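Novice: For reference, the sequence and a predicted model appear below.
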Amino acid sequence: MYIFPHSELWKDDFENEAESIKLALGLDIELIHIGSTSVPGLLAKDCIDILGQVENLEPVRKARKKLEDIGFEARGSYGIEGREYFSKSSRKCHLHIFEFGSTEAAKHLGFKDVMLKNPELVEALNRLKTELHSKYPNHKEKYQAMKKPFYDRIHSSLKL
């Protein structure tokens, strides 16, 4: 099983990770809880997604070792230009850092905003996730690919 009912603990997990990240980096960074774990009622993988926004990515690149020291693996842009991406497995966490004004960051924030304001979309996504999880219980990659059109529809509705 790789999707779970929403947990109130995810908010605490985000706050703990955000505090560790800020302390480790020692940079001026805005950290926002994003992704399915940030939307009450939404089924999610037990992974905390964090969006970081900074004025300039260069100091983040220079501070990669500081994040590695607290358990994150630096993955560079990881396929998205203008992003510094880090993942952590001890408490599964993904950290996506962009410069303020990034369209990619706006997509993450816009998705969360749309979902928070539309309980019917939360229900629709939960149905889709449940169906796909049943259909692909051992293939997270296929599960991800098959739910992508739902996310694409939300992103295309955003005014970026």
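Specialist: Yes, it's here.

Novice: Every contact and neighbour count from this point should use C-alpha atoms.
Specialist: OK.

Novice: which ones are touching the residue nearest to the spatial centre of the chain?
Specialist: When C-alpha atoms, centre = their mean is applied to the chain, the residue found nearest the centroid is D49 (2.9 Å). Contacts for D49 were tallied using C-alpha atoms under 8 Å, 6 or more residues apart in numbering; they are 14, 33-35, 37, 93-96.

Novice: ok, now with 7 Å
Specialist: 33-35, 93-95 (C-alpha atoms under 7 Å, 6 or more residues apart in numbering).

Novice: same question, H94
Specialist: 48-50, 86-88.

Novice: out of these, which one sits closest to L160?
Specialist: Distances from L160 to the contacts of H94, taken as C-alpha to C-alpha, are shortest for I50 (20.0 Å).

Novice: where's E55 relative to I21, distance?
Specialist: Applying C-alpha to C-alpha, to the nearest Å, the value for E55 to I21 is 17 Å.

Novice: Tell me the buried residues in the helix or strand of the chain with the lowest mean pLDDT?
Specialist: Sorted by mean pLDDT, DSSP states H and E, the helices and strands of the chain end with helix 140-157, the least confident at a mean of 94. The neighbour-count check on helix 140-157 (16 or more other C-alpha atoms under 10 Å) flags 143, 154-155 as buried.

Novice: What strands line up against the host helix or strand of H94, and which way round?
Specialist: Assigning secondary structure by DSSP states H and E places H94 in strand 93-99. Using DSSP bridges, strand 93-99 pairs in its sheet with strand 48-54 (parallel), strand 83-88 (antiparallel).

Novice: can I get the CA coordinates of the shortest one in CSV?
Specialist: This means strand 83-88. Provided in CSV are the C-alpha atoms of strand 83-88 (Å, rounded to 0.1, in the frame of the first residue of the first chain):
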residue,chain,number,x,y,z
ARG,A,83,14.8,24.1,-9.4
GLU,A,84,17.1,22.6,-6.8
TYR,A,85,15.6,19.3,-5.6
PHE,A,86,16.4,17.3,-2.5
SER,A,87,15.0,14.0,-1.2
LYS,A,88,15.1,12.4,2.1
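
Novice: In that strand, which residues are buried?
Specialist: Quick answer for strand 83-88 (16+ other C-alpha under 10 Å): 83-88.
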